[in-house]
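[1] Quick check, what structure comes out for this input:
(2 chains)
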Amino acid sequence: MKNKHIIAIVGFLIGVYALVPILIGVSGRTDFYYTLTSVALLSIASAGVWLTFYIGRINIGQGAYALAGGYVSAILMTQYGMSFWATLPLAGLFCVVLAILIGLPILRLRGVYFAMVTLVLTEVMRLAALAVPITQGAKGITSIPLPGELSVFGITVIPDFSTLANPKIGFYWMAVTMMVIAYAVLWRIVNSRLGHLCRSLQQNEELASSIGVNTAYLRVVAYSISSFLGGIAGASFIAISQSIYPSSFQVADSVNFMLNCFLGGLGYVFGPMLGTLMIYFGWDLLFTTGEYQMLIYASLLIALMLALPNGVLSLLDKKKA
Amino acid sequence: METILEIKNVTKRFGGLTAVNDVSFSVKAGEILSVIGPNGAGKSTLFKLISSFLSTTSGEVRLSGERINNLAPHAVARKGVVRTFQETTIFRSMTVRENIIVSHHLRSNASLLGFFLGTRAARIDETVFGESADAIIDFLGIQAIRNELASTLPQGHLRALGMAIGLATNPKVLLLDEPFAGMNHDETMHMVDLVRRLRDERGVTVLLVEHDMPAVMKISDRIVVLNFGEKIAEGTPQEIQNNNNVIEAYLGSEDAAIGM
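    Have a look, this model is predicted:
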């Protein structure tokens, strides 16, 4: 069992760090770098949504944190001249503070009530971005510089992206590395006692508090981690597009983050990653169907959810049984 | 015997309805005390007040002299007063052993971050919890269902699991909510025996709410009777069976109801 895990992890790492670049190099389809970078970043935000599912809350508000994180990074870079690498954790931490303030009151809600409030949250964040002077309203913030050099004790860890022949490759490495770290952390959370407590919350909050679990505290902790992931994903995105607008992350994005989790499987740590990949590529592949794209896409989603209500990864379980 | 739990003039009003009205009694360390009464007498409300799932309108609940009402439920559990639920309240998608292990939460020395990082304290906790869970499984005699998923268990086993969850928290006082409901005679007798052993072997003080009069009469050291939110009697099973107020409260079915 343990060996199988190690083989799977090593295989995955070889896949994303070696196989993908080689295949892209051979086929010459460098545009795939951008696609896979997006998938990696979206799957980080989805991982956060998945964690809130894990404590029994349907979170349709991740877009709000992605937007907030994006703006924090953009403002710190353009107005305070900070390095992208410094703004990245700050964007995440800003979202943590925001998540605590918002989470404390709304995490008392359950089921559809919580879902509705989070849905509104994305729209509130968009309107706030339109209204607040520092975000420059509908004009947005543009010409955000590419990530600069990151050096520790004079040793260059990450080169200046503007000196790279193809910055897209740099972003790919950055996004994939962040994804690997985010999912390693998520996996560790789920498989430690923290995860068991989250599951106890998901299955029976009353019983959890009667065995002494501080449910309010744990909910806020999980939601903060979730929002942190949303924030750094948003910040990374705007570094690629070098611009941010109030419409950069919308309700539709929030819904997609949730769908990624559903499709991949709520019971599996790597469900959101697979779900993001499938939804992103599924949508792109259907591009050739023109005006029927949405129809086919939606029908396929519904069919998949009916056939595999526990997500695509539940196929693995069936094979075992 | 010293008093461990003291209920002092506890009142709970929901709007205009007084569910529990000025109820006082005390529970001695190591005794089994039952709270009985007709439907709607306020028994369950009283349990929720003691475990802080509801806040009191007035009055106090004290554990060894320390006030514990109007706290958060987890804080009351932390102090050693733990409520178990009726059989539907378990962690459904965990195995029996996982249910019991997770319920050891109160005994953990490591922090959440410690568990995340897998520190020494966390690893020790996990080992201790596993061993303790196995001991509880042996104590309750449910070895056969150790690795069964809780959602697949029949009612009798669920009840045992509920008790195991309560035990895992290492309580001073265990509040049992209708532990015998829906059980046949043999199952009830087995459960009565189990609750006794809980007290005798693990030193747990037991407070229970129950409808099954023969079982209550058999198991209880003392009984408190509620009717319309007020305490109408308190005493040994013998005294309660001969109490006129109690007989009146159960009027019409007195013989069957009090198990004479």
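[2] Closest approach to chain B from the stretch 51-200 of chain A, which residue is it?
    Per C-beta to the nearest C-beta, A:Arg193 is where the stretch 51-200 of chain A lies closest to chain B, at 4.0 Å. Yep, even glycine has a C-beta here, placed from its N, CA and C like the rest.
[3] Any residues of the stretch 201-321 of chain A in contact with chain B? List them.
    Contact residues, the stretch 201-321 of chain A versus chain B (C-beta under 8 Å from any C-beta of the partner chain): A:203-204, A:206-207, A:209-216, A:218, A:221.
[4] Give me the subset of these lying in helices.
    Per DSSP state H, helices hold the following members of these: A:203, A:206-207, A:209-210, A:215-216, A:218, A:221.
[5] what would those residues look like in a markdown table with pLDDT?
    Formatted as a markdown table, those follow (pLDDT from 0 to 100):
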| residue | pLDDT |
| --- | --- |
| A:Gln203 | 89 |
| A:Glu206 | 86 |
| A:Leu207 | 88 |
| A:Ser209 | 88 |
| A:Ser210 | 86 |
| A:Thr215 | 91 |
| A:Ala216 | 92 |
| A:Leu218 | 93 |
| A:Val221 | 95 |
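[6] Any idea how many residues pack against B:Ala160?
    For B:Ala160, the neighbour count with other C-beta atoms under 10 Å in any protein chain shown is 23.
[7] and it, what element?
    Here B:Ala160, judged by DSSP states H and E, is contained in helix B:155-168.
[8] other SSEs contacting that helix?
    When contacts are defined as 3 or more C-beta pairs under 8 Å, 6 or more residues apart in numbering or on different chains; DSSP states H and E, helix B:155-168 sits against helix B:96-102, helix B:120-140, strand B:173-177, helix B:185-202.
[9] Chain A is nearest to which of these?
    The closest of the helices and strands packed on helix B:155-168 to chain A is helix B:96-102. By C-beta to the nearest C-beta, the value is 4.8 Å.
[10] what separates that closest one from the chain centre, distance-wise?
    Chain-centre distance of helix B:96-102: 19 Å, with C-alpha atoms, centre = their mean, to the nearest Å.
[11] again with stretch B:35-53
    Remark: stretch B:35-53 is offset 11 Å from the chain centroid, using C-alpha atoms, centre = their mean.
[12] Okay, buried residues for it please.
    Buried positions in stretch B:35-53, judged by neighbour count with 16 or more other C-beta atoms under 10 Å in any protein chain shown: B:35-38, B:41-53.
[13] So which of those residues reach chain A?
    Restricting those to those near chain A by C-beta under 8 Å from any C-beta leaves B:51, B:53.
[14] Select from the buried residues of stretch B:35-53 every entry located in helices.
    Cross-referencing the buried residues of stretch B:35-53 against helices under DSSP H gives B:43-50.
[15] Can you list the low-confidence ranges for chain B?
    Within chain B, the segments meeting pLDDT under 70 span B:86-88, B:251-260.
[16] Those residues of it touching chain A, which are they?
    For chain B, the residues in contact with chain A (C-beta under 8 Å from any C-beta) are B:51, B:53, B:72-74, B:77-78, B:82-85, B:89-94, B:98, B:101-103, B:105-106, B:108, B:110, B:112, B:115-116, B:118, B:122, B:125-126, B:165, B:168-169.
[17] From those, keep the buried residues only.
    Buried by 16+ other C-beta under 10 Å: B:51, B:53, B:73-74, B:77-78, B:82-85, B:89-92, B:94, B:98, B:101-103, B:105-106, B:108, B:110, B:112, B:115-116, B:122, B:125-126, B:165, B:168-169, out of the residues of chain B next to chain A.
[18] Provide a list of residues in contact with the spatially closest residue to B:Lys172 that is not a sequence neighbour.
    With sequence-adjacent residues excluded and distances taken as C-beta to C-beta, 6 or more residues apart in numbering or on different chains, B:Lys172 is closest to B:Gly80, at 3.5 Å. Contacts for B:Gly80 were tallied using C-beta atoms under 8 Å, 6 or more residues apart in numbering or on different chains; they are B:63, B:170-173.
[19] so how far is A:Phe114 from the residue of the stretch 151-260 of chain B found nearest chain A?
    As assessed by C-beta to the nearest C-beta, chain A sits closest to B:Thr169 within the stretch 151-260 of chain B, at 5.2 Å. As judged by C-beta to C-beta, to the nearest Å, B:Thr169 and A:Phe114 stand 28 Å apart.
[20] so who does the residue most central in space within chain A touch?
    Per C-alpha atoms, centre = their mean, the C-alpha nearest to the average position across chain A is that of A:Ala45, at 1.2 Å. Contacts here follow C-beta under 8 Å, 6+ apart; on that basis A:Ala45 touches A:62, A:65-66, A:229-230, A:233-234, A:257.
[21] The residues you listed into CSV, with extra columns for secondary structure, distance to A:Gly170 and pLDDT?
    Listed next are the contacts of A:Ala45 as CSV, based on DSSP: H, G, I helix; E, B strand; the rest coil; distance: C-beta to C-beta, whole Å; pLDDT from 0 to 100:
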residue, secondary structure, distance to A:Gly170, pLDDT
A:Gln62, helix, 25, 95
A:Tyr65, helix, 25, 96
A:Ala66, helix, 21, 96
A:Leu229, helix, 21, 97
A:Gly230, helix, 23, 96
A:Ala233, helix, 17, 96
A:Gly234, helix, 19, 96
A:Phe257, helix, 25, 93
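[22] Just flag the most distant two among those.
    A:Gly234 and A:Phe257 (11.1 Å; C-beta to C-beta).
[23] Format the ones in helices among the buried residues of stretch B:35-53 as JSON lines; extra columns: distance to B:Leu158.
    Listed next are these as JSON lines, based on distance: C-beta to C-beta, whole Å:
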{"residue": "B:Lys43", "distance to B:Leu158": "21"}
{"residue": "B:Ser44", "distance to B:Leu158": "19"}
{"residue": "B:Thr45", "distance to B:Leu158": "24"}
{"residue": "B:Leu46", "distance to B:Leu158": "24"}
{"residue": "B:Phe47", "distance to B:Leu158": "19"}
{"residue": "B:Lys48", "distance to B:Leu158": "21"}
{"residue": "B:Leu49", "distance to B:Leu158": "25"}
{"residue": "B:Ile50", "distance to B:Leu158": "23"}
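[24] Distance from stretch B:91-98 to the middle of the chain?
    Its chain's C-alpha centre and that of stretch B:91-98 lie 20 Å apart, by C-alpha atoms, centre = their mean.
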